[in-house]
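1. Next input, structure requested:
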Amino acid sequence: MKKSIFLSIALMFVLTISKAQTAFNFTATDCASVSHTLFTELDAGKTIVMVWVMPCGACIGSAVAASNTVATMGNPNVVFYLFDDAGGSCSGLTSWSSSNSINATATFDNAGNTNAQSNYGSGGMPKTVVVGGGTSHTVYFAENGTVTTAQLQDAINNSLSAIAAVPDFKVVTTEVNLFPNPATASTEFTYTLTKASQVSIELFNTLGQKIISSPSKLQIAGQQTFEINSSILEEGIYFVQLTANGETTTTKFSVVK
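-> Numbers count the residues shown, from 1 in each chain. Here you go, the predicted model:
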């Protein structure tokens, strides 16, 4: 009888671990009315830290750790999504985040439980999950309770290493360049497409906040140029993210006044 119980518990454990190894896709609109499809963003090379909160006092630590880790890494391909799993409002979650110095790349009221934390093991908030690895959609971290920046950095670095290890992950764009860099009034972002591609360009600051976004459009193969009006930007570090046919290339530059 004891052996049977032990085997049942072991089987449940194995099933839970297996379930948590791959991310679960969802499509949801965030509090800024922007639609997100998880697998599309992972396929484009993003690593996503997801934190579920009520919000509550006990949830602050994990959300702050995620916010600080993503900001410190300063990589626009590493983003932080904050979910109110208690089904609260966007205004409530935004107010709670602001009062606790939590800067999420995107926030979701998670109405209808679109992206359920139970997909990643047991429920219970706060819940923190790190997913990425490109098209592998791998779960690199999934924990209940308060987490540390060191834990999150390890998981994020593992995801970034997996993306970098994929042969020819970025085959659409070559010869990416920004000049001048540092920039003052303006800078030209040039890149070469190896084939006709659907292209979009976005500019992010070191907090992962989107500053400029160009509409997606079809461009022919060859060299292309995109001018950035840096005179409207504050002095500091920025990242230009080029997405061509779902593949992402990120270039760092600075603005000086």
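2. C-alpha only now, for contacts and for neighbours.
-> Will do.
3. Spell out for me which residue occupies the centre of the chain.
-> V79 (2.8 Å; Cα atoms, centre = their mean).
4. so it bridges to which residues?
-> I48 (DSSP bridges).
5. Quick check: it vs K210, distance?
-> Per Cα to Cα, to the nearest Å, V79 is found 11 Å from K210.
6. Strands along the stretch 51-200 of the chain, start to end?
-> Using DSSP state E, counting those that start in this stretch, the strands of the stretch 51-200 of the chain run over 78-84, 106-108, 127-132, 138-144, 173-179, 187-193, 197-205.
7. Okay, angle between the first one and strand 127-132 too, please.
-> When you say that, I think you mean strand 78-84. 150 degrees (axes from the mean of the first three to the mean of the last three Cα atoms, to 10 degrees).
8. correct me, but F83 touches V51?
-> Yes. Assessed by Cα atoms under 8 Å, F83 is found in contact with V51 at 6.1 Å.
9. T138 is in contact with A155, correct?
-> No. Counting by Cα under 8 Å, A155 stays clear of T138, with 10.6 Å between them.
10. The closest residue to T107 other than its chain neighbours: how many residues sit nearby?
-> Leaving out its chain neighbours, the residue that sits closest to T107 by Cα to Cα, 6 or more residues apart in numbering is L82, at 4.7 Å. Residues within reach of L82, counting by other Cα atoms under 10 Å, total 27.
11. Offset the numbering so it begins at 11, please.
-> Will do, 11 is the new start, and the previous item becomes L92.
12. Which residues are in contact with L92?
-> When contacts are counted by Cα atoms under 8 Å, 6 or more residues apart in numbering, L92 touches M60, V61, W62, V63, A73, A114, T115, A116, T117, F118.
13. List the beta-bridge partners for the residue nearest to the third one when sequence neighbours are not counted.
-> Okay, so that is W62. Closest residue to W62 apart from its sequence neighbours, by Cα to Cα, 6+ apart: F93 at 4.7 Å. Beta-bridge partners recorded for F93 (DSSP bridges): W62, F118.
14. Can you get me a residue count around F93?
-> F93 has 30 nearby residues by other Cα under 10 Å.
15. quick one: A73 and M60 touch, right?
-> No. A73 lies out of contact with M60 (Cα under 8 Å); the separation is 9.1 Å.
16. so what pLDDT did the residue lying closest to T47 once chain neighbours are set aside get?
-> Closest residue to T47 apart from its sequence neighbours, by Cα to Cα, 6+ apart: T37 at 4.2 Å. Model confidence at T37, given as pLDDT, is 88.
17. next one: D40
-> 89.
18. I am finished for the moment; much appreciated.
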